[in-house]
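Chemist: Pasted the sequence and its predicted model underneath.
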Amino acid sequence: MRNTIIGPTLAEFQEARDRVSGVSEVTPMESSRYLAEVLGSPVFLKCENLQRTGSYKIRGAYNRISRLSDEEKSRGVVAASAGNHAQGVAFAARELGIASTIFMPLGVALPKLQATRAYGAEVVLRGHSITEPLRAAAEFARATGAVFIHPFDHPDVVAGQGTVGLEILDQRPDVDTIVVPIGGGGLISGVASAVKQRAALDGRIVRIIGVQAVNASPYPLSLRNGTPTEVPMTPTIADGIAVARPGELNFEIVQAMVDEVVTVTEDDMAQALLVLLERAKLVVEPAGAAGVAAILAGKVRASGTTVAILSGGNIDPLMMERVISHGLSTSERYLRLRIPLPDRPGQLARTAAIVAEANANVVEVLHTRHSNGMQISQVELELHIETRGPEHAEEVLARLRDEGYEPRIDF
């Protein structure tokens, strides 16, 4: 990491803060005793999931669009996004009285689509990934003269996102480490630059740790290569940070000012979302929970005060249901068992009684004679069971085995 200042100056970050203060909220900073116990030092959550439009994106979008010339504003703006950037651009454009067109993929979550339209944008659905909407938005900009609003790779966007960092320093002047989700790098480049520059005035050093989803993680390879590098992506629940290549400006700032970048798995993020729901009573999308996932997975080593940015809370309820179920399964609080049984009366009742005697709760049952690998004289029982955690789950399995059954965990 170098101490070079790249991108917006501290004065420009402060100007951006003044500019966006009329539309963005100063979001809460919540302490987390649970995460503090995990990390061994105080942990606070910067709740951008409670921001207007449900994420920090409104900051960069508004700062960028508000600085357009009158002639540029008259041409309107265009963007491509699967969700949070779309809502930020649509909201900012509406507040500034500017026409906006947003290209979104066909499979976009219905709540994000509806919210973007509700903010007044003309929404065009195109393709099945973000690649097609990005291409379509660029073509639209060339054909109509509309100004393309990049989701992360622009100095005004970086300056707007960096206002999160200035708020963190105001709310927790003692902060030693800030953990930030990374997609293309707009948020972390803004936060790192704003925080490092202002902390330096007080002679302080604040560490910045970035977190990417392992299935969409171009930054570790790019940093090793010394240049922005595109990586192949595999499906991830963290659609908000699913970017294949870092932004050019963002990479320069991250390379100079970010101390470490780590990755987290799908299971890590599912468990983090569950922890935030249960322990902090906060609804956070998987991408927004990446920083917490890194803490829970032991990827963050910090002493002193640590702040994890919850970057967004725009999660489809159907996705939330799936993620919660997966989080419960990976933490062994929700077991799916397959048990071969003799095809005779009473076996289902006996199996359920054993589970009940172990103080576990059966929530779903499937009883079938048509599973592969069974003998003609057998049936298969599929049990979905709630437990209190790994030790209790093992107790349930042990009791079933002691009674002569052969339960298999179905992941």
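Modeler: Arrived safely.
Chemist: Send over stretch 245-263 as CSV, restricted to the C-alpha atoms.
Modeler: The C-alpha trace of stretch 245-263 is given here as CSV (Å, rounded to 0.1, in the frame of the first residue of the first chain):
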residue,chain,number,x,y,z
ARG,A,245,-13.4,-6.5,-13.5
PRO,A,246,-12.4,-3.6,-11.2
GLY,A,247,-12.9,0.0,-12.3
GLU,A,248,-9.8,1.7,-13.5
LEU,A,249,-9.9,4.7,-11.1
ASN,A,250,-11.2,2.4,-8.3
PHE,A,251,-8.3,0.0,-8.8
GLU,A,252,-5.7,2.7,-8.6
ILE,A,253,-7.2,4.0,-5.3
VAL,A,254,-7.6,0.5,-3.8
GLN,A,255,-4.0,-0.4,-4.8
ALA,A,256,-2.7,2.7,-3.1
MET,A,257,-4.9,2.9,0.0
VAL,A,258,-6.5,-0.4,0.9
ASP,A,259,-4.6,-2.6,3.4
GLU,A,260,-6.1,-6.0,2.6
VAL,A,261,-8.7,-7.7,0.4
VAL,A,262,-10.2,-11.0,1.5
THR,A,263,-12.9,-13.3,0.1
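Chemist: List the buried residues in stretch 133-146.
Modeler: Buried residues in stretch 133-146, counted by 16 or more other CB atoms under 10 Å: 133-134, 136-137, 140-141, 146. All C-beta spots, glycine's among them, are computed from the backbone N, C-alpha and C.
Chemist: If we only consider those, which is nearest to Ser189?
Modeler: The closest of the buried residues of stretch 133-146 to Ser189 turns out to be Leu134 (CB to CB; 19.6 Å).
Chemist: What number of residues are in the vicinity of Ile188?
Modeler: Counted with other CB atoms under 10 Å, the neighbours of Ile188 add up to 35.
Chemist: excluding its backbone neighbours, what's nearest it?
Modeler: Val180 (4.3 Å; CB to CB, 6 or more residues apart in numbering).
Chemist: what is that neighbour paired to in the beta sheet?
Modeler: Residues in a beta bridge with Val180, per DSSP bridges, are Gly210.
Chemist: i'd like the first residue to be 56 from this point on
Modeler: All set: I'll call the first residue 56, so the last point we hit is now Val235.
Chemist: pLDDT value on it, please?
Modeler: With respect to pLDDT, Val235 scores 98.
Chemist: so how far is Cys102 from it?
Modeler: Going from Val235 to Cys102 by CB to CB, to the nearest Å gives 14 Å.
Chemist: Compare these two and say which is more crowded by neighbours.
Modeler: Using other CB under 10 Å, the more surrounded residue of Val235 and Cys102 is Val235, with 30 against 20.
Chemist: so who does that one touch?
Modeler: Residues counted as contacts of Val235 (CB atoms under 8 Å, 6 or more residues apart in numbering) are 242-243, 246-247, 263-266, 346, 364, 366.
Chemist: Among these, which lie within strands?
Modeler: Members of these lying in strands (criterion: DSSP state E): 263-266, 364.
Chemist: any idea which of those residues is closest to Glu85?
Modeler: Nearest member of those to Glu85, counting by CB to CB, is Ile364, at 11.9 Å.
Chemist: got a list of what the most centrally placed residue in the chain touches?
Modeler: Nearest to the mean C-alpha position of the chain, by CA atoms, centre = their mean, lies Ala342 at 0.8 Å. Contact analysis of Ala342 by CB under 8 Å, 6+ apart lists 236, 238, 268, 293-297, 324, 366-367.
Chemist: Specify which member of these is nearest to Val434.
Modeler: Met324 (37.1 Å).
Chemist: from what I can see that closest one touches Gly343, true?
Modeler: No. The pair Met324 / Gly343 is not scored as a contact, 9.4 Å apart, by CB atoms under 8 Å.
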